[in-house]
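# Next come a sequence and a model predicted from it.
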Amino acid sequence: MSVLDESLHPGRWWHRLDDGRLQCDLCPRDCRLHEGQRGLCFVRQRVGDEMMLTTWGRSSGFCVDPIEKKPLNHFYPGSSVLSFGTAGCNLACKFCQNWDISKSREMDRLMDAATPEALAQAAVDTGCRSVAFTYNDPVIFAEYAMDCADAAHERGVKTVAVTAGYMHAEPRREFYRKMDAANVDLKGFTEDFYFQQTGAHLAPVLDTLQYIRHETDCWLEITTLLIPGLNDSDAELDAMSRWLHEHLGPQVPLHFTAFHPDYKMNDRPATPPSTLTRARRIALDRGLQHVYTGNVHDGDGGSTYCAGCGARLIERDWYRIGAYRVTPEGGCPDCGHALAGRFAPAFTRGFGPRRIPVRLA
């Protein structure tokens, strides 16, 4: 039996059209499939009269990561997270930094197999506080991610989605009901950028951000990869920061991360650290309280500060935590101001920047 046969699992969120095709209702691409065809994500396929997920129970690898690598700076800082992904993606980003996984069309490369129960137990055995669905977008393997979330919660393990947030309303409701935290990639803040550089649209992502923030208990953080000359102008950063403040509030953490040339965008220079610093200053000036720089060594941009008195509460350099001054109640020891996020009553020394591969199968 092939890997594909073993990994077929009934998909949800589809309906039959009058012309006999099946339409996938998971994301705004609305792929309409004849027998044997796959959606743009490549992992959802019509088999007979059903929509199937072809990667259930299969992964491109498991690793234990620091939670800050997701990046999540306000969700149990310093803890370790069991991370995994599958293959494929429902966006077509020319600048994809994980293109060897997200653009993969080789299903047999998914060598690691794990039932949701085995994966959740592996998180417990490796001392991970949470499981992260990452490396490629968990939206496209939502059924598997949701099954894993159920198994994780049964064992007291939290769940994290690292996603572009490109999905329809009904699956979004079901998916985020299972998630404890999410980092959503806000790729840029213009429709032109989304359409030309990712093959998608901006509005559904903004809908997802507002839904998570206002309709769920899922902790939300946002990441924007800044690409020189494409989405890093003062005007775009200002408009994005104003929108985030107005529609999500000032407490949602925002991460600006550095681009490096990759995949179909090797003609652009890497993002200079000064661009990240400039973007952070714009966002802070627009009232956002927690703005970070990523993929660079920047003690100021990586650290967490009290929104009340300005004291540095969590000192970071890249993924390494230095001083940690958050009270057991999740507040500032100097002024008592509550720090937005999820925090453990007792902080143990941070996991650190290392990544540890884990083999489950």
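Ah, there it is.
# those helices in the protein, which residues are they?
3-7, 99-102, 116-125, 142-154, 169-176, 191-193, 203-215, 234-248, 273-285, 299-302 (DSSP state H).
# Alpha carbons only: can I get the fifth one in PDB?
Right, helix 169-176. C-alpha atoms of helix 169-176 as PDB (Å, rounded to 0.1, in the frame of the first residue of the first chain):
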ATOM      1  CA  ALA A 169     -16.100  31.300   8.000                       C
ATOM      2  CA  GLU A 170     -17.600  27.900   8.800                       C
ATOM      3  CA  PRO A 171     -14.300  25.900   9.000                       C
ATOM      4  CA  ARG A 172     -12.700  28.900  10.800                       C
ATOM      5  CA  ARG A 173     -15.200  28.600  13.600                       C
ATOM      6  CA  GLU A 174     -14.600  24.900  14.000                       C
ATOM      7  CA  PHE A 175     -10.800  25.200  13.700                       C
ATOM      8  CA  TYR A 176     -10.200  28.000  16.200                       C
END
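# show me what contacts residue 354?
Residue 354 is in contact with residue 66, counting by Cβ atoms under 8 Å, 6 or more residues apart in numbering. To be clear about C-beta, it is placed using only N, CA and C from the backbone, and glycine gets the same treatment.
# low-scoring pLDDT stretches of the chain, where are they?
Applying pLDDT under 70 to the chain picks out residues 1-6, 97-112, 361.
# ok, 50 please
Applying pLDDT under 50 to the chain picks out residues 1-4, 108-109.
# Quick check: longest strand in it by residues?
strand 219-226 (DSSP state E).
# Could you list every helix and strand in contact with it?
In terms of contacts (3 or more Cβ pairs under 8 Å, 6 or more residues apart in numbering; DSSP states H and E), strand 219-226 is packed against strand 181-185, helix 203-215, helix 234-248, strand 254-258, helix 273-285.
# So which other helices or strands are in contact with the first one?
The one in question is strand 181-185. By 3+ Cβ pairs under 8 Å, 6+ apart, strand 181-185 packs against strand 158-163, helix 203-215, strand 219-226.
# Looks like residue 132 contacts residue 65 (just checking).
Yes - assessed by Cβ atoms under 8 Å, residue 132 is found in contact with residue 65 at 7.2 Å.
# which residues do these two both contact?
Common neighbours of residue 132 and residue 65, counting by Cβ under 8 Å, 6+ apart, are 81, 83.
# Mind jotting down where the strands sit in the stretch 1-150 of the chain?
For the stretch 1-150 of the chain, the strands defined by DSSP state E, counting those that start in this stretch cover 9-10, 14-16, 22-24, 32-33, 44-47, 50-53, 58-59, 61-66, 80-85, 112-113, 130-133.
# can you redo those strands as CSV with distance to residue 286 and mean neighbour count?
CSV is the format used below for the strands of the stretch 1-150 of the chain (distance: least, Cβ to Cβ, whole Å; neighbours: other Cβ atoms under 10 Å):
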stretch, distance to residue 286, mean neighbour count
strand 9-10, 44, 14
strand 14-16, 41, 13
strand 22-24, 38, 22
strand 32-33, 41, 17
strand 44-47, 39, 22
strand 50-53, 40, 20
strand 58-59, 39, 24
strand 61-66, 29, 20
strand 80-85, 30, 26
strand 112-113, 43, 17
strand 130-133, 29, 26
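# closest to residue 159 out of these?
The minimum distance between residue 159 and these falls on strand 130-133, with 5.5 Å, by Cβ to Cβ.
# May I have the strands that pair with the closest one, each with its orientation?
Looking at strand 130-133 with DSSP bridges, its partner strands are strand 80-85 (parallel), strand 158-163 (parallel).
# Output the ones you listed in a markdown table, with distance to residue 356 appended to each entry.
Formatted as a markdown table, the strands paired with strand 130-133 follow (distance: least, Cβ to Cβ, whole Å):
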| stretch | distance to residue 356 |
| --- | --- |
| strand 80-85 | 8 |
| strand 158-163 | 17 |
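# And those: which comes nearest residue 27?
With Cβ to Cβ, the closest approach to residue 27 among those belongs to strand 158-163: 10.8 Å.
# Domain ranges for the chain, per the record?
Domain segmentation of the chain under automatic domain parsing yields 3-53, 58-358.
# For the last one, what is the distance to the chain centroid?
Which is domain 58-358. 4 Å (Cα atoms, centre = their mean, to the nearest Å).
# Start and end of it, how far apart?
14 Å (Cα to Cα, to the nearest Å).
# Kindly report the same for stretch 65-83.
Taking Cα to Cα, stretch 65-83 runs 7 Å from one end to the other.
# winner for burial among the domains of the chain?
domain 58-358 (a mean of 19; mean count of other Cβ atoms under 10 Å).
# Please save the CA atoms from stretch 230-238 in PDB.
Presented in PDB, the C-alpha positions along stretch 230-238 are these (Å, rounded to 0.1, in the frame of the first residue of the first chain):
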ATOM      1  CA  LEU A 230       7.300  45.600  -1.600                       C
ATOM      2  CA  ASN A 231       5.600  45.900   1.800                       C
ATOM      3  CA  ASP A 232       7.900  48.100   3.900                       C
ATOM      4  CA  SER A 233       7.000  51.700   3.100                       C
ATOM      5  CA  ASP A 234       6.200  54.100   5.900                       C
ATOM      6  CA  ALA A 235       2.700  54.600   4.400                       C
ATOM      7  CA  GLU A 236       1.800  50.900   4.400                       C
ATOM      8  CA  LEU A 237       3.200  50.300   7.800                       C
ATOM      9  CA  ASP A 238       1.300  53.300   9.200                       C
END
